[in-house]
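A.B. asks: Here's a sequence, model it:
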Amino acid sequence: MSFKDQNWEQREKTLGDIAEREFEKWAGSKSIRYDRFGICRPNVDARLLADFISHMPDYLAQLGPHVYLIEVQGCGADRTVKFKHRKLRAAGRWQRLHTVLWFFYNQAADESVLMRHAAVERMCAFGMGFRIDGYFDGTKPIAQVSWSTLKRAAAQDHSEEIDGI
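C.D. replies: Presented below is the predicted three-dimensional model:
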């Protein structure tokens with residue numbers, strides 16, 4: 001059964017694990033020091049938390065002389081990255097406190113991309129807010145970006161120039 005066809009309880013058991021393991025593998029291959037930062041499937045009902053807390057970036061990572069907050073997100077078989085508006089807004093709040101980078105992993109293509117939060121916001125923007133390209137679980141608005149568009153945006157963002165990479 002494909003991931004998208006599983007019920008929430010099945011999906012929640014592995015949600016994000018593949019992309020996060022890939023980030024750790026990538027960071028290790030570059031001798032990048034990192035620590036877990038955000039909560040991972042807490043024993044409390046995360047829906048009762050403020051978005052700023054429930055959507056904390058996943059890692060702290062030292063790339064060269066700088067430490068960044070790293071948000072990790074995967075991409076499924078449809079090769080489309082789906083951004084929940086709540087998560088984008090929370091990442092924007094974190095960005096105001098400390099620099100946020102996004103690490104994306106496309107399991108189907110076995111490719112990863114690192115980019116700045118501002119570039120992610122530009123991809124999802126529509127007017128003064130974010131595009132609504134669909135809904136997660138039928139209720140939470142999302143902006144969707146194809147993997148090829150995301151890779152082009154990362155190249156334009158010059159993410160390879162992020163300190164320490």
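A.B. asks: those helices in this structure, which residues are they?
C.D. replies: 8-12, 17-29, 51-54, 85-97, 117-124, 147-157 (DSSP state H).
A.B. asks: Please identify the deepest-packed of the ones you listed.
C.D. replies: helix 117-124 (a mean of 18; mean count of other C-beta atoms under 10 Å). Every residue, glycine included, has its C-beta placed from N, CA and C.
A.B. asks: I'd like the average pLDDT over that helix.
C.D. replies: In this model, helix 117-124 carries a mean pLDDT of 95.
A.B. asks: Show me what that helix is packed against.
C.D. replies: Helix 117-124 makes packing contacts with helix 85-97, strand 100-106, strand 140-146, helix 147-157 when contacts are defined by 3 or more C-beta pairs under 8 Å, 6 or more residues apart in numbering; DSSP states H and E.
A.B. asks: comparing these, which gets the lowest mean pLDDT score?
C.D. replies: Among these, helix 147-157 carries the lowest mean pLDDT (a mean of 91).
A.B. asks: Could you say which one of the helices of the chain comes nearest to Leu69?
C.D. replies: Distances from Leu69 to each of these were compared using C-beta to C-beta; the minimum, 5.7 Å, belongs to helix 85-97.
A.B. asks: orientation of the closest one relative to helix 117-124 in degrees?
C.D. replies: Counting by axes from the mean of the first three to the mean of the last three C-alpha atoms, to 10 degrees, helix 85-97 points 150 degrees away from the direction of helix 117-124.
A.B. asks: Could you tell me the angle between helix 85-97 and strand 100-106?
C.D. replies: Using the same axes, to 10 degrees: helix 85-97 against strand 100-106 is 140 degrees.
A.B. asks: Using CSV, write out the CA atom coordinates for helix 85-97.
C.D. replies: Coordinates of each C-alpha in helix 85-97 appear next as CSV, following Å, rounded to 0.1, in the frame of the first residue of the first chain:
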residue,chain,number,x,y,z
HIS,A,85,0.7,26.8,5.4
ARG,A,86,1.0,26.4,9.2
LYS,A,87,4.5,24.9,8.8
LEU,A,88,5.5,27.7,6.4
ARG,A,89,4.3,30.4,8.8
ALA,A,90,6.0,28.7,11.8
ALA,A,91,9.3,28.4,9.8
GLY,A,92,9.0,32.2,9.0
ARG,A,93,8.7,33.0,12.7
TRP,A,94,11.8,30.8,13.4
GLN,A,95,13.6,32.6,10.6
ARG,A,96,13.1,35.9,12.4
LEU,A,97,15.0,34.4,15.3
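A.B. asks: Scan this structure for its longest strand.
C.D. replies: Longest strand in the chain by number of residues (criterion: DSSP state E): strand 66-75.
A.B. asks: I am finished for the moment; much appreciated.
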